[in-house]
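Chemist: build me a structure from this.
(3 chains)
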Amino acid sequence: MVTLVDFLFILGLYFAAIGLAFFFSWVGAWVFRKLSARLQARRGPPLVQPVADIIKLFGKERFIPCLANKFLYILSPLVALSAILILSFMIPPGIPYWPGPLSWDLIVVLYFSVMFSLAFVIAGWASGSPWGKIGASREVAIILSVELPLAIAILIPPLALARGGYGFTLSITDVILAQEGNFLWTVLPNWFIFHYPFAALALFLALLTKSWMRPFGDIPEAEQEIFAGPLTEYGGPLLGIFELARLFRFYVFTALFVDLYLGGGSGLIFPISILVFLLKCLSITIIMTIIHVASARYRISHVFKWFLTVCLAFALISLIRIVVGF
Amino acid sequence: MIDPTIIVVIFYIAAALSLLGMKITRANDIVAVLATGVALFVVIFNFFYLPLLISLPSLLGFSFTVNGYTNLIALIATFIGFLVVVYSIKYIEKRRGYYSFFVLLTLGSLVGMAYSWNLLWVFLFAELATISSAPLIAHYLKATSYEGALKYFVIQIFASFFGVVGLGLIYQEAQISGFAGIGVFSIDFLIASGLLLGFIGKLAIFLIFLGFLVKVPSFPIHTWLPDASTAAPAPISTLLHAMMIKVAGMPAFLVLLMFYSLFISINFWLIICILGVLTMLICVIIAFAQNDLKRLLAFDSVSQMGYVILGLGIGGLAITSNTLFADPVWLVVAAGGIAAGLFHLLNHSLFKSVLFFSAGAIEHETGTRDINKLGGLLHAMPRTGYVMLIGSLAIAGVPLLNGFVSKWMVYNACIAAGQPTFALIAIFTSALTFGVFLRMLCSVFLGHAPETYADVHSAPKSMVAPSLILAAGCILFGIFPQLALGFLIYPATYPLLPAAIPPPVNPLIWVSLDVFLLATLLFMGLVVGYVLYRFRWGVQPVEADDKTMPMTGGALHDPYLKVDEVRPSSTVFAYPFRSLLNSVRKTHTGLANMYVLWFVLFALLLLLWLFLGWI
Amino acid sequence: MGIMSWARGKSPWIAVLHAGGCNNCDIEVLDVLTPRFDVERLGVLWKQNPRHADILITNGCVSKHSKVFVKRIFDQMLAPKKVIALGTCACTGGIFVEGEGANIEETHTIVGGVDTAIPVDVYVPGCPPKPEAIIQGVALAIEKLKQSE
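Modeler: Sure thing, here's the model as predicted:
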């Protein structure tokens, strides 16, 4: 347990981390929209666009659909927001480590990311819209298919550390700190992406899908078929909260990838590390955006097929390397 | 310290009383509630005297042992038993007179079994519990209930055959004849005398293990449980799932862990872990395809017992590794694995009884268990609905509920023991459980109620109150797991760990996860969101006729997509597993003969493996 | 005026509703999303969902059959909301109704312009209107959106 002073310190850190994460995700979201527009030879929105969207949604009318379950309808956006806020607090933003008790466990990160998706599923079913129900069912299908490759790929860096004599650890901080230094005759940085490229690829595909980006990710909200999926019946401030939570995803999922496989901000002093971290996150966002714009949407059964064969195979290659030990 | 013999005697006297007054239902209820209440009080009272670890004076070798482990199991038995008795008051109003008698007889036998530290008495109480619970499963006297009870009975009898042979081998090893020799079956005596160190002793313990493994149940021999629990009335299903499979199944692992010196083999414990992994994975996939609410819960129960088997198996693996490599790190892993298994056992009895109580309430009010017919019940039965929501999320391992903590401990134990593959499969199983329960929840509670269930109303208070208490327990242990771990679980691990491990090995190292801090931060997030939602941003709502109408597309009275037409069907959810499910359908024939054959083949395979020396 | 007014002006999300008529304006709306005209630089997002939208662009004349739906979709939008009547048919009923000016008469199927069903804020005439005109109409609606309470 923590003392009161520790607790206040953690609380301050929590809001500081949220502020930083909000700034990062704002930039990430803008890069996403601007780059998609430029790739389609359009001009794209200004930098303030993501924030303006959310503020505008808060300024709209509050309402509750007649078929919705009122309690769950209001609760689910709040759960989505608080789950993603905790995630953005747990994943260190380029600062090499969070102090003391805050070196979070990767399994907890995994579970909170599922909790985030759970909020969308409950939202879709509680809002009483048929489109919401279809979208929620698809979201569940995506959770099921993505979970196994995602879990393997997230746990490979700590397992590799344990195999390398580092001892039993599941903390993100240890994973980041272990990626300092160089590798392969000091040519490459000692990042896990160079040690386990296939697992990194699996994690990238899983996070791409979790961020609702094509070719798999936007199946739950496919607007050409089912309006906005789980969010169909949402509007006004509750939609604003959902959009805020989705804004944070541009930070959370890229930061997870950067921390686990691209070394975070390791090996650098404090302000520069954050800057480098932001650049790494943005480059991941750019790659994701290019894939999003360049590809069409798959059917839901293809997601099962891809993630439980191809993507799982990528993850298993690295896992077998660790378990067998070469 | 109160002698637990009193509890068993109270239960048997109450059973006799209810047999005398079998016509007077009200008196039966009062006797049953009083007896279980007193028993629960005694068990809780005994927790405050645990450090004494007393073996009580014996009469003809019959003695009860009160330690952390036996008291934990007895707590599960009496607590769930008490709630089951309360729940039965309204659930089966027109019951047959012997209902109370058999319930009390079963409860008494299970408590006696929980406290017994003597293999013969464990076995005898287990048999008594089996015999007295079979009439309860057949309570409705319909063809399906007879079928379920018969299947249950036949498979249990085959299992106890293995137990009898095991006990006979011990008796023969001890070379003692006469009635006074019952004391040789005492676990403490068997360990201290070193009687079982030979091959015959190993065979005997392994046979007893096999006999009790059926009651857990483990993967290839799980088939009796869904049929029995579907046929039984809801309180009896709860009794089966939330306590019987635990109280009657745990001796399997008790003997393995107590006689760990017979099983010093990494391979042996790996196979136990693999058994757990197979149990959890395959049964959860089968649960996907179920449309009967109770069958879905039953298959999921088997799957959750896989976590318990895995946790205890990892504990045994760590104890073995400690013996082989003499590295004290393994002691911590062993303590953690066993604590994880026991904590999941306790948690499972909490949330599975919530789910079965709620399923019973739904069946009581609507008259069906088909999840494809039910819908929108959250409006009609709000308390049952929210309680079931909590139970389902807890079983799916959503953070801040108790299932998350115990699953987290199981994963950590697996990874610390150097078996990450098991942890990954367990995580995948957890995701599948999440899918199973979301499908069930969305189908039964959310969405739009069909017109058939327009006049459904809330279940009676005595049927809702037990599940409310249990759901509160789920939240309490989820946010303050230290309560359960410190007070209930760690005292229970000490008797199971080898004597070489001194009690100061502090398993609190396993709760580096500060769930309370997480809960606070999550609550902060909820507050931030709620403030954003309620803040007066200064917009006037407009009055409009159709503002809150759902967007269904198409015409007003003939929408393109009807609201209650969309359901999470098993064909979509179980899509990736359809070939596996087809083969499952072929093997689950429903014939008791086939299931017994499975069991015999499985047992023979394991025995062959024993004779080959655990290759 | 304040931050909310600024945000409303920066982020108008639109939904397009085709009420009846010849479908030409419906196709013409798509032009404003193409690289040449790109309304996303004004912050416009194409949300085919009245719950999310701030501006409803209606085109085509309102038939007796579709009047209910136009009304309903307008009701389902959340305040503050603005409506653009796009094209001559949406403004007046166009060639599908008889009469001129204020003396428009219903035919056996067609009721008239969109303002017979719901209140309209911006009229964009044309058959079909040029994309520049549509963008101007959107800009006018944005101005009205900024003023709204």
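Chemist: who's in contact with the closest residue in space to A:I226 that isn't next to it in sequence?
Modeler: Leaving aside its sequence neighbours, A:I226 sits nearest to A:W131 (Cβ to Cβ, 6 or more residues apart in numbering or on different chains; 4.4 Å). Just so you know, the C-beta spots here come from the backbone N, C-alpha and C atoms, and that holds for glycine as well. Contacts of A:W131 were listed using Cβ atoms under 8 Å, 6 or more residues apart in numbering or on different chains, and they are A:226-229, A:232, B:551, B:561.
Chemist: distance check, A:W131 against A:L231.
Modeler: Per Cβ to Cβ, to the nearest Å, A:W131 is found 9 Å from A:L231.
Chemist: B:G590 too?
Modeler: 44 Å.
Chemist: any chance you could map the strands in the chain?
Modeler: Using chain A here. Taking DSSP state E to define them, one finds strands in chain A at A:182-183, A:188-189.
Chemist: switch to chain B, please.
Modeler: Under DSSP E, chain B gives strands at B:54-55, B:65-66.
Chemist: out of the ones you listed, which gets the lowest mean score?
Modeler: Averaged per stretch, pLDDT over these is lowest on strand B:54-55, reaching a mean of 56.
Chemist: circling back to that earlier point, which one's more surrounded, B:G590 and A:L231?
Modeler: A:L231 (27 against 10; other Cβ atoms under 10 Å in any protein chain shown).
Chemist: only the buried residues of stretch B:75-90, if you could.
Modeler: B:75-90 (16 or more other Cβ atoms under 10 Å in any protein chain shown).
Chemist: go on, stretch B:326-346?
Modeler: In stretch B:326-346, counting by 16+ other Cβ under 10 Å, buried: B:330-346.
Chemist: and if you look at stretch B:445-452?
Modeler: B:445-449.
Chemist: B:A413 against B:L312, yeah?
Modeler: No. In this structure, B:A413 is not within contact of B:L312 by Cβ atoms under 8 Å, at 9.9 Å.
Chemist: between those two, which contacts overlap?
Modeler: Common neighbours of B:A413 and B:L312, counting by Cβ under 8 Å, 6+ apart, are B:G337.
Chemist: okay, now the residue nearest to B:A27 when sequence neighbours are not counted: neighbour count?
Modeler: Nearest non-adjacent residue to B:A27, counting by Cβ to Cβ, 6+ apart: B:G21, 4.9 Å away. B:G21 has 15 neighbouring residues, counting by other Cβ under 10 Å.
Chemist: and the one 3 residues further on, by the same measure?
Modeler: B:I24 is surrounded by 13 other residues when neighbours are defined as other Cβ under 10 Å.
Chemist: so what's the closest residue to chain B within chain A up against?
Modeler: Nearest residue of chain A to chain B (Cβ to the nearest Cβ) works out as A:S82 at 2.3 Å. With contacts defined as Cβ under 8 Å, 6+ apart, A:S82 is in contact with B:521-526, B:528-529.
Chemist: so for it, what's the pLDDT?
Modeler: 91.
Chemist: what do you get for the one 5 residues further on?
Modeler: Looking at A:L87, its pLDDT stands at 88.
Chemist: list the contacts of it.
Modeler: If you count contacts by Cβ under 8 Å, 6+ apart, A:L87 has them with A:109, A:112-113, A:116, A:248, A:252.
Chemist: most neighbours of all those, which one?
Modeler: In terms of neighbour count, A:V252 stands highest of the contacts of A:L87 at 31 neighbours, by other Cβ under 10 Å.
Chemist: pretty sure it is in contact with A:F24, am I right?
Modeler: No. At 9.3 Å, A:V252 does not count as touching A:F24 under the criterion of Cβ under 8 Å.
Chemist: state the distance from the residue of the stretch 201-350 of chain B found nearest chain C to chain A.
Modeler: Nearest to chain C in the stretch 201-350 of chain B, going by Cβ to the nearest Cβ, is B:F288, at a distance of 31.9 Å. Distance, B:F288 to chain A, by Cβ to the nearest Cβ, to the nearest Å: 9 Å.
Chemist: give me the neighbour count for that residue.
Modeler: 24.
Chemist: okay, it: pLDDT?
Modeler: Value for B:F288, per-residue pLDDT: 82.
Chemist: cool, B:L342 as well?
Modeler: The per-residue pLDDT reported for B:L342 equals 91.
Chemist: was I right about it contacting B:P491?
Modeler: No. In terms of Cβ under 8 Å, B:L342 does not count as a neighbour of B:P491; the distance is 10.1 Å.
Chemist: tell me how many other residues crowd residue 95.
Modeler: No chain was given, so I picked chain A. When counting by other Cβ under 10 Å, one arrives at 18 neighbours for A:I95.
Chemist: correction: the question concerned chain C.
Modeler: When counting by other Cβ under 10 Å, one arrives at 13 neighbours for C:I95.
Chemist: quick one: contacts for it?
Modeler: C:I95 touches C:88-89, counting by Cβ under 8 Å, 6+ apart.
Chemist: got the residues of the stretch 151-300 of chain A near chain C?
Modeler: Where the stretch 151-300 of chain A comes near chain C, counting by Cβ under 8 Å from any Cβ of the partner chain, the residues are A:223, A:227-228, A:231-236, A:239.
Chemist: which bits of the stretch 401-550 of chain B sit near chain C?
Modeler: Applying Cβ under 8 Å from any Cβ, one finds that the stretch 401-550 of chain B approaches chain C through B:537-542, B:544-547, B:549.
Chemist: residues of chain C that sit close to chain A?
Modeler: Residues of chain C lying near chain A (Cβ under 8 Å from any Cβ): C:3-4, C:6-8, C:10-11, C:13, C:34-35, C:38, C:40-41, C:43, C:45, C:47-49, C:51-52, C:54, C:78-80.
Chemist: buried ones among those?
Modeler: C:4, C:7-8, C:10-11, C:13, C:38, C:40, C:43, C:45, C:47, C:49, C:51-52, C:54, C:78-80.
Chemist: in strands, which of these fall?
Modeler: Reading strands off those with DSSP E, I get C:13, C:45.
Chemist: mind checking how far B:L141 is from B:Y98?
Modeler: 12 Å.
Chemist: what about the longest helix in chain A?
Modeler: Taking DSSP state H as the criterion, chain A has its longest helix at helix A:4-39.
Chemist: over to chain C?
Modeler: helix C:131-147.
Chemist: tell me if stretch A:134-149 is near chain C.
Modeler: No. On the criterion Cβ under 8 Å from any Cβ, stretch A:134-149 is out of touch with chain C, staying 11.9 Å away.
Chemist: gap between that stretch and the chain center?
Modeler: Chain-centre distance of stretch A:134-149: 15 Å, with Cα atoms, centre = their mean, to the nearest Å.
Chemist: export only the CA atoms of that stretch, formatted as PDB.
Modeler: The C-alpha trace of stretch A:134-149 is given here as PDB (Å, rounded to 0.1, in the frame of the first residue of the first chain):
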ATOM      1  CA  ILE A 134     -23.900  -5.500 -35.200                       C
ATOM      2  CA  GLY A 135     -21.000  -3.200 -34.600                       C
ATOM      3  CA  ALA A 136     -20.600  -4.500 -31.100                       C
ATOM      4  CA  SER A 137     -20.700  -8.200 -32.200                       C
ATOM      5  CA  ARG A 138     -17.900  -7.400 -34.700                       C
ATOM      6  CA  GLU A 139     -15.900  -5.700 -32.000                       C
ATOM      7  CA  VAL A 140     -16.200  -8.800 -29.900                       C
ATOM      8  CA  ALA A 141     -15.100 -10.900 -32.800                       C
ATOM      9  CA  ILE A 142     -12.100  -8.600 -33.300                       C
ATOM     10  CA  ILE A 143     -11.200  -8.800 -29.600                       C
ATOM     11  CA  LEU A 144     -11.300 -12.600 -29.800                       C
ATOM     12  CA  SER A 145      -9.100 -12.900 -32.900                       C
ATOM     13  CA  VAL A 146      -6.600 -10.200 -31.900                       C
ATOM     14  CA  GLU A 147      -6.100 -11.200 -28.300                       C
ATOM     15  CA  LEU A 148      -3.800 -14.200 -28.700                       C
ATOM     16  CA  PRO A 149      -1.200 -12.600 -31.100                       C
END
